[in-house]
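Student: Coordinates only, no sequence provided:
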Ligand SMILES: Nc1ncnc2c1ncn2[C@@H]1O[C@H](COP(=O)(O)OP(=O)(O)OP(=O)(O)O)[C@@H](O)[C@H]1O
């Protein structure tokens, strides 16, 4: 059995009376890119936001039950500190959302919160993570400029660098290319492929071609149920479930 980065057991999520995740049992493999696909409203974003407990800060009316094991602990335990947890589980959203601060300060923000104070050390982290996010050469001469002056694709790579700056184990990505032009999207996809191995990446995408290009494993979610998890090549060429086949062949969704 491959090592799991997350293990969910009977995971259920409801917004008030509206249950949107219906008891998901899933071992998500460590060090891989895992794509999560499914029609609009099936619960992909909800599932992703539950993995880093962001869901709890979004609405008072959210009920989460079951277990999520991460690094050997059930993170649904109320004693888990969500801010600490998010140091290990970075997240990137659909719309690039840099802070209205300089490029340097965007990347230095997380390490500072987690106690890095020395300027030299922050400079090293900023250079290293911007290099990892393939942005360093484009911004090294303007680190003090506002991040809001970057292009959409550059902003998204900056947000990825910001997430990597706390040295996480996991990167959760919620449709990270859907607001970008094709060239920037291609850049982000190449970056995701390069992050594989060093990080575990869980990618929500509406584009099946994207899932096929960048992921090792693909999961199909439908109406809050995990219908199929399979090697990506297998899922798209020879799915085991009829519902998966109907979805990937465009019969619904
Ligand atoms: N903050 C919220 N409060 C109440 N209901 C919500 C909230 N966020 C999502 N929902 C509902 O939960 C269900 C699942 O939504 P979710 O955004 O997780 O789906 P999704 O698969 O990511 O959709 P999409 O592909 O359109 O982004 C939907 O019915 C949605 O209306």
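Tutor: Great, that's in hand. This is a predicted model, so every value here is computed, not measured.

Student: all contacts plus neighbour counts: C-alpha atoms, from now on.
Tutor: Fine.

Student: so what secondary structure elements neighbour the helix or strand where residue 108 lies?
Tutor: Using DSSP states H and E, residue 108 falls within helix 103-113. Helix 103-113 sits against helix 119-132, helix 152-164, with contacts defined as 3 or more CA pairs under 8 Å, 6 or more residues apart in numbering; DSSP states H and E.

Student: Could you pull out the buried residues of the shortest one?
Tutor: The neighbour-count criterion (16 or more other CA atoms under 10 Å) identifies 152-164 as the buried residues of helix 152-164.

Student: Distance to residue 112 added to those, as JSON lines?
Tutor: Shown next, in JSON lines, are the buried residues of helix 152-164 (distance: CA to CA, whole Å):
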{"residue": "152", "distance to residue 112": "25"}
{"residue": "153", "distance to residue 112": "25"}
{"residue": "154", "distance to residue 112": "22"}
{"residue": "155", "distance to residue 112": "20"}
{"residue": "156", "distance to residue 112": "21"}
{"residue": "157", "distance to residue 112": "20"}
{"residue": "158", "distance to residue 112": "17"}
{"residue": "159", "distance to residue 112": "16"}
{"residue": "160", "distance to residue 112": "17"}
{"residue": "161", "distance to residue 112": "14"}
{"residue": "162", "distance to residue 112": "12"}
{"residue": "163", "distance to residue 112": "13"}
{"residue": "164", "distance to residue 112": "13"}
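
Student: ok, those vs the ligand, which is closest?
Tutor: residue 156 (18.1 Å; CA to the nearest ligand atom).

Student: Give the closest residue to that closest one in space, chain neighbours not counted.
Tutor: Nearest residue to residue 156, sequence neighbours excluded (CA to CA, 6 or more residues apart in numbering): residue 96, at 4.8 Å.

Student: Tell me the secondary structure of that neighbour, please.
Tutor: Three-state assignment for residue 96 (DSSP: H, G, I helix; E, B strand; the rest coil): coil.

Student: just checking, it touches residue 151?
Tutor: No. Residue 96 is not in contact with residue 151 according to CA atoms under 8 Å; the separation is 9.8 Å.

Student: This completes my enquiry, with thanks.
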